[in-house]
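In: How does the following fold in three dimensions:
(one chain, ligands or ions: 1)
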Amino acid sequence: MTAHASRGMEDTNVLIIGGLGFLGSNLAHRLVASGARVTIFDACLDPYGWNYANIKEIARDVEVVVADTRDFEAVKAQVADKELIFNFAAQVSHSLSMERPCMDIEINCRGNMNVLEACRRFNDGAMILFAGTRSETGEAHYLPVDERHPDEPSDIYSINKLAAEKYHLMYTRVYGMPTTIIRVGNTYGPRHQMKHGQYGVLNYFVRRAMLDEPILIYGDGEQIRDYCYVDDVCDAFYRAAQTPKSIGEYFVIGSGEPVRFIDMANQVIGAVGKGSLLHTPYPEGREMIDVQQYYVTNDKITGYLGWHPTVSLKGGLEKTVAFYRTQLKEYL
Ligand SMILES: NC(=O)c1ccc[n+]([C@@H]2O[C@H](COP(=O)([O-])OP(=O)(O)OC[C@H]3O[C@@H](n4cnc5c(N)ncnc54)[C@H](O)[C@@H]3O)[C@@H](O)[C@H]2O)c1
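Out: The predicted model follows:
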């Protein structure tokens, strides 16, 4: 089957780059259950979310290749026979991107260019789905944010992710290669790393509450965020991969519900059943890159793909806490 016809996933050759991490591994579970042949490509870099525990239930059903997107030959070797490629590998820490900007460029620009060039030269029919990030938008000019909102990325990571988005869409425009961008907001749920709070902080707050460690709130906690449960996010990628309607398109997705950061933290405490908050000043350099307000409208993706979020923050937190009640030790 070509990438241009609507597809089921049965026997589809799929590559998930960054597939040992949070989004990639959750999507791998969904794809394996749908009968796809899944290869995971991951460099197992710290301090990111790779974890073999993420795929323990499907370890026999997936192939794992430990390799780095910065290595063109390694990428080339994996893309040739794939029909679908979920391009999720990234340096994902906002603050690390400010400390080590060239490292961020290497992974988030050059690594993604390697994926695109390997496909252009060796498999230009593979459909590539790229995960962008909310912080490419920067501070909102209007709310809810939609696909027409201007981009003023708030930090090096977000600038490089935006560049990578543009690379993908340019490869569709110029070379006719099928790519799709889904720009993801704050996502939470099972299989997120819990070792530190550099990114994916809601998940880290679950750990802090479970271990009776105070949850640190930088500033007043009045920031507005849009928290989306991981199964919903994976479902958006899954649907986008099934139809040519998504090719060359860019979608923002989220819960569509504005939530104050401080309210999210209190809801974490409610879901865990214990925990405390500690207000503290921002660490140096953090406040300037912290977007104050973000939530989206899902109108475009609902219209194109029929996607809409199905899990409330309360329900998603319950599922997340239930997962870590039995699995936490594998994530510490
Ligand atoms: N989780 C979120 O809330 C969120 C929000 C916005 C965007 N995103 C995007 O979604 C994607 C996945 O993020 P995640 O939350 O699963 O992060 P994660 O840290 O859990 O997973 C990222 C994975 O990529 C791997 N990786 C990093 N650099 C690599 C390289 N050069 N070569 C091969 N593998 C490499 C890491 O080892 C890790 O397993 C990223 O592109 C991220 O920018 C995530």
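In: Point out the other helices and strands that the strand or helix carrying residue 270 packs with.
Out: For residue 270, the host element (DSSP states H and E) is helix 261-272. If you count contacts as 3 or more Cβ pairs under 8 Å, 6 or more residues apart in numbering; DSSP states H and E, helix 261-272 packs onto helix 201-210, strand 215-218, strand 224-225, strand 277-280, helix 313-327. The way it works is simple: take the backbone N, C-alpha and C, and place the C-beta from them, glycine included.
In: With mean neighbour count, mean pLDDT and distance to residue 79 as added columns, please give those in TSV.
Out: Putting those into TSV (neighbours: other Cβ atoms under 10 Å; pLDDT from 0 to 100; distance: least, Cβ to Cβ, whole Å) gives the following:
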stretch	mean neighbour count	mean pLDDT	distance to residue 79
helix 201-210	23	96	30
strand 215-218	18	93	40
strand 224-225	20	94	35
strand 277-280	13	92	45
helix 313-327	17	97	32
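In: follow-up on the earlier one: residues touching the helix holding residue 270, excluding its own?
Out: Outside helix 261-272, the residues within contact range by Cβ atoms under 8 Å, 6 or more residues apart in numbering are 202, 205-206, 209-210, 215, 217, 220-225, 227, 275-277, 313-314, 317-318, 320-321.
In: For it, give the mean pLDDT please.
Out: When pLDDT is averaged over helix 261-272, the result is 97.
In: Stretch 154-166 now?
Out: Mean predicted confidence for stretch 154-166 is 97.
In: buried residues in that stretch?
Out: Residues of stretch 154-166 classed as buried by neighbour count (16 or more other Cβ atoms under 10 Å): 154, 155, 156, 157, 158, 159, 160, 161, 162, 163, 164, 165.
In: now stretch 47-58
Out: Neighbour counts using 16+ other Cβ under 10 Å place 48, 49, 50, 51, 54, 55, 58 of stretch 47-58 among the buried residues.
In: re the thing from before, right, and out of the buried residues of stretch 154-166, which lies closest to residue 91?
Out: The shortest approach to residue 91 among the buried residues of stretch 154-166 belongs to residue 157, at 6.7 Å (Cβ to Cβ).
In: got the angle for the helix holding residue 270 vs helix 313-327?
Out: Direction vectors for helix 261-272 and helix 313-327, defined by axes from the mean of the first three to the mean of the last three Cα atoms, to 10 degrees, enclose an angle of 50 degrees.
In: Helix 261-272 near the ligand anywhere?
Out: No. For a cut-off given as Cβ under 6 Å from any ligand atom, helix 261-272 has no contacts with the ligand; the smallest distance is 13.1 Å.
In: just curious, which of the buried residues of stretch 154-166 is nearest to the ligand?
Out: Lowest distance from the ligand to the buried residues of stretch 154-166 (Cβ to the nearest ligand atom) belongs to residue 161, with 5.9 Å.
In: From residue 94, how far out is residue 283?
Out: Computed with Cβ to Cβ, to the nearest Å, the distance linking residue 283 and residue 94 is 12 Å.
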